[in-house]
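Peer 1: here is a sequence together with a model predicted from it:
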Amino acid sequence: MRILYGAKTAFDITRVEREIIEIEESMSLKSVIEIVCSKYPRLAKEIDDGDVLIVHNGALRSYDSGYDVENDDTVEFAPVILGG
C-alpha cells in the first residue's frame, strides 16, 4: 500500500513524503496506523491531538473506523485545513 505524508507535521517527523508497505492480505486501517506509528512514534501524538488527519483512498477516516486496507490502497496522513 502507498503511505503518503502530506501533512507538514507528518513529513517533519518521518522525513519522507511517501513509502510503500507491502501486505499479504487485507488488514484494518487501525492496524496500518499502528504499524506506521510504531515506526514513527511521534506521529501517534499528532493524530491523537487532531493535528494530522487520516485519509484512506481519498476519504477522511477516523483512527478506529473499522475499514479494511488492501495492498493497492493509499493511506495519507494529511494536514488539517482551516477556513474562515
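Peer 2: That came through fine.

Peer 1: and the strands in the chain?
Peer 2: With strands called from DSSP state E, the chain shows them at 2-5, 18-20, 27-28, 52-56, 59-61, 68-69, 74-79.

Peer 1: number of nearby residues for His56?
Peer 2: Per other Cβ atoms under 10 Å, the neighbour tally for His56 reads 19. To be clear about C-beta, it is placed using only N, CA and C from the backbone, and glycine gets the same treatment.

Peer 1: which residues does Ser28 contact?
Peer 2: When contacts are counted by Cβ atoms under 8 Å, 6 or more residues apart in numbering, Ser28 touches 66-69.

Peer 1: just Asn57 next, same as before
Peer 2: The contact partners of Asn57, by Cβ under 8 Å, 6+ apart, come to 73-74.

Peer 1: hey, where'd the helices end up in this structure?
Peer 2: Assigned by DSSP state H, the helices in the chain fall at 8-14, 29-39, 41-48.

Peer 1: Ser62: which of these is closest?
Peer 2: Across the helices of the chain, Ser62 has its closest neighbour in helix 29-39 (8.8 Å, Cβ to Cβ).

Peer 1: just checking, what packs against the closest one?
Peer 2: Contact analysis of helix 29-39 by 3 or more Cβ pairs under 8 Å, 6 or more residues apart in numbering; DSSP states H and E lists helix 41-48, strand 52-56, strand 68-69, strand 74-79 as its packing neighbours.

Peer 1: what's the third one in contact with?
Peer 2: Under the criterion Cβ under 8 Å, 6+ apart, residues 1, 23, 26-29, 31-32, 56, 75 lie in contact with strand 68-69.

Peer 1: re the thing from before, got the helices of the chain as TSV, with mean pLDDT and mean neighbour count columns?
Peer 2: Putting the helices of the chain into TSV (pLDDT from 0 to 100; neighbours: other Cβ atoms under 10 Å) gives the following:
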stretch	mean pLDDT	mean neighbour count
helix 8-14	93	18
helix 29-39	95	17
helix 41-48	95	16
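
Peer 1: turn those into CSV, including distance to Ile81.
Peer 2: Shown next, in CSV, are the helices of the chain (distance: least, Cβ to Cβ, whole Å):
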stretch, distance to Ile81
helix 8-14, 12
helix 29-39, 20
helix 41-48, 15
